[in-house]
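S.K.: my questions are about this predicted structure, shown below with the sequence.
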Amino acid sequence: MTTRDPAYLTDEHRMLRDQARRFVVEEIRPHGDAWEKQGHVPRDVYRRMGSLGFFGVRYPEKYGGSAMNAIASAVLWEEMAKCGYSGVVVGASVHAEMASPHLARYGTEKQKDRWMPKIVSGEAITAVAVTEPDGGSDVAALKTRARRKGNDKWVLNGSKLFITNGVLADVYFVAARTDPEAKGSRGISMFIVEKGTKGFTVAKELDKMGWRSSDTAELVFEDCEIPSENILGEENKGFYSIMSNFQNERLVAGASAAGECARAIEITMEWVKQRKAFGGVLWDKQVIRSKMATMAMKLEAGRQLVYHAAHLDALGLDCVKEVSMVKAYMGEFVNECMYVCGQMHGGMAFMRESTIERMYRDARVHAIGGGATEVMLEEVAKRM
Ligand SMILES: Cc1cc2nc3c(=O)[nH]c(=O)nc-3n(C[C@H](O)[C@H](O)[C@H](O)COP(=O)(O)OP(=O)(O)OC[C@H]3O[C@@H](n4cnc5c(N)ncnc54)[C@H](O)[C@@H]3O)c2cc1C
């Protein structure tokens with residue numbers, strides 16, 4: 001289903017979208033099923049996405065990026081999500097838009113010079129590790145501990161749960177408590193931990209309901225020593241960087257959900273226009289047309305909200321309320337949309353071979369990960 005673009009989309013945005021569209025059709029869809037079985041996307045696909053510029057949309061040209069803004073991110077991940085394999089999209093978008101921004105925004109020149117070119121090219125894959133077994137929504141309550149050892153080391157102890165790219169990543173941005181005396185959100189810092197560091201293990205790859213082509217892991221830090229220069233950003237100010245990065249993460253999640261809904265509506269329209277029932281096709285029934293029109297209407301509203309929030313962000317304006325609305329609205333609507341589109345597919349929606357079955361499973365986590373709907377609505381309420 002095509003909806004009209006906001007007036008401020010440029011030719012550059014459209015070129016990016018065309019490139020993503022070609023990549024989806026030619027290089028994701030033919031392999032998506034294999035990657036779902038494999039549990040991850042091969043590393044050379046990351047390098048291919050890097051070569052197409054998908055990982056550097058927001059990053060400076062000196063690292064190989066194209067220095068665009070949040071509108072470009074929305075365009076890219078909305079289009080990528082139309083592939084119908086959300087696991088493929090989330091692995092890539094966590095790397096490009098949720099993990100690596102921690103380094104890009106708060107890293108020293110030395111840290112950035114070391115990692116950013118490899119991140120943009122897709123040679124190095126990144127993960128962000130905030131959530132812990134005891135909870136994810138309440139970031140301020142995290143328990144992983146980082147202690148100084150002499151003047152030149154930090155020692156990390158604790159564990160992280162549900163970490164996207166946890167197995168595949170080369171570099172991890174890890175949140176840990178550096179000042180146990182400080183209450184709540186104060187006393188948290190971010191650290192760069194490289195794969196292979198002694199005391200750091202990928203304890204378990206988790207078996208998931210959806211997003212099966214992305215790997216999700218539990219990470220354990222046991223007396224894991226890292227150089228003191230691996231602190232990322234200001235000591236004890238990590239909570240604020242996590243919160244500010246959440247804005248981008250939530251916007252991209254909303255744009256991806258919009259792409260998923262567009263794809264589900266597209267394949268369902270093809271289905272209802274040819275599926276025979278009661279002497280005609282399903283599309284002949286007013287109730288079917290009404291349901292599909294409702295899905296189109298709600299998607300239009302959500303998509304315009306995504307672009308409105310991206311536009312505010314691009315203008316440098318505070319958009320926490322709008323981004324929280326995007327995450328809450330799209331997180332719920334993508335689930336409704338998959339349910340309704342699945343219903344139109346009848347028994348086929350329950351079959352592993354059908355696209356809508358996978359999309360239905362993939363959609364579930366949108367209302368949970370990166371800020372559950374209830375938490376997002378609380379952010380909106382605080383601003384009312
Ligand atoms: C597939 C997947 C990938 C993920 N990837 C990453 C990653 O890469 N990095 C990372 O750090 N984390 C990641 N997460 C973690 C994700 O962000 C958390 O699952 C999410 O923040 C919710 O935390 P929780 O699961 O601990 O649920 P809890 O915090 O225990 O909350 C449980 C439920 O309680 C409700 N709730 C919570 N707080 C409130 C409140 N204040 N008011 C009302 N209701 C509330 C919500 O419905 C919520 O779903 C991932 C999760 C999944 C499932």
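M.R.: Structure's in. What do you need? Residues are numbered from 1 along each chain as shown.

S.K.: from here on, just use CA atoms for contacts and neighbour counts.
M.R.: OK.

S.K.: averaged pLDDT, the strand or helix carrying Ala34. What do you get?
M.R.: Assigned by DSSP states H and E, Ala34 falls within helix 32-38. The pLDDT scores in helix 32-38 average 98.

S.K.: output the contacting helices and strands for the helix or strand following that helix.
M.R.: Heading C-terminal from helix 32-38, the first helix or strand you meet, by DSSP H and E, is helix 43-51. Helices and strands touching helix 43-51, by 3 or more CA pairs under 8 Å, 6 or more residues apart in numbering; DSSP states H and E, are helix 109-121.

S.K.: which helices and strands sit right next to the helix it packs on?
M.R.: Counting by 3+ CA pairs under 8 Å, 6+ apart, helix 109-121 packs on helix 43-51, helix 100-106.

S.K.: can you list the residues of the stretch 1-150 of the chain near the ligand?
M.R.: Taking CA under 6 Å from any ligand atom as the measure of proximity, the stretch 1-150 of the chain contacts the ligand at 128-131, 135-138.

S.K.: now intersect those with the strands, please.
M.R.: If you go by DSSP state E, these have 128-129 in strands.

S.K.: tell me the SS of Ser189?
M.R.: For Ser189, the assignment made with DSSP: H, G, I helix; E, B strand; the rest coil gives strand.

S.K.: so it touches Tyr240, yeah?
M.R.: No - taking contacts as CA atoms under 8 Å, Ser189 lies outside contact range of Tyr240: 9.4 Å.

S.K.: the two: which has the busier surroundings?
M.R.: Ser189 (25 against 15; other CA atoms under 10 Å).

S.K.: residues contacting the residue lying closest to that one once chain neighbours are set aside?
M.R.: Computed as CA to CA, 6 or more residues apart in numbering, the closest residue to Ser189 that is not its neighbour in sequence is Gly238, at 4.0 Å. Gly238 makes contacts with 175, 187-190, as judged by CA atoms under 8 Å, 6 or more residues apart in numbering.

S.K.: relative to Lys62, which of these is nearest.
M.R.: Met190 (24.4 Å; CA to CA).

S.K.: checking the nearest residue to that closest one once chain neighbours are set aside next. Helix, strand or coil?
M.R.: Leaving aside its chain neighbours, Met190 sits nearest to Ala175 (4.5 Å; criterion: CA to CA, 6+ apart). Ala175 falls in the strand class when you classify it by three-state DSSP.

S.K.: any chance of the helices and strands packed on helix 109-121 in TSV, plus distance to Asn248?
M.R.: Shown next, in TSV, are these (distance: least, CA to CA, whole Å):
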stretch	distance to Asn248
helix 43-51	19
helix 100-106	9
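
S.K.: just to revisit the earlier point, which PyMOL command selects the buried ones in the residues of the stretch 1-150 of the chain next to the ligand?
M.R.: Provided next is the PyMOL selection string for whichever of those are buried by 16 or more other CA atoms under 10 Å:
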select buried, resi 128+129+130+131+136+137
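
S.K.: nearest to Glu266, out of the helices and strands packed on helix 109-121?
M.R.: helix 43-51 (25.0 Å).

S.K.: which stretches in the protein count as helices?
M.R.: Remark: helices assigned in the chain by DSSP state H are 11-23, 32-38, 43-51, 70-81, 86-93, 100-106, 109-121, 238-274, 286-314, 320-344, 355-363, 373-382.

S.K.: would you turn those helices into a markdown table with distance to Lys195?
M.R.: Shown next, in a markdown table, are these (distance: least, CA to CA, whole Å):
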| stretch | distance to Lys195 |
| --- | --- |
| helix 11-23 | 29 |
| helix 32-38 | 21 |
| helix 43-51 | 15 |
| helix 70-81 | 27 |
| helix 86-93 | 17 |
| helix 100-106 | 15 |
| helix 109-121 | 13 |
| helix 238-274 | 21 |
| helix 286-314 | 33 |
| helix 320-344 | 31 |
| helix 355-363 | 28 |
| helix 373-382 | 32 |
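
S.K.: and Val57, which of those is closest to it?
M.R.: When the helices of the chain are compared by CA to CA, helix 70-81 sits nearest Val57, at 6.8 Å.
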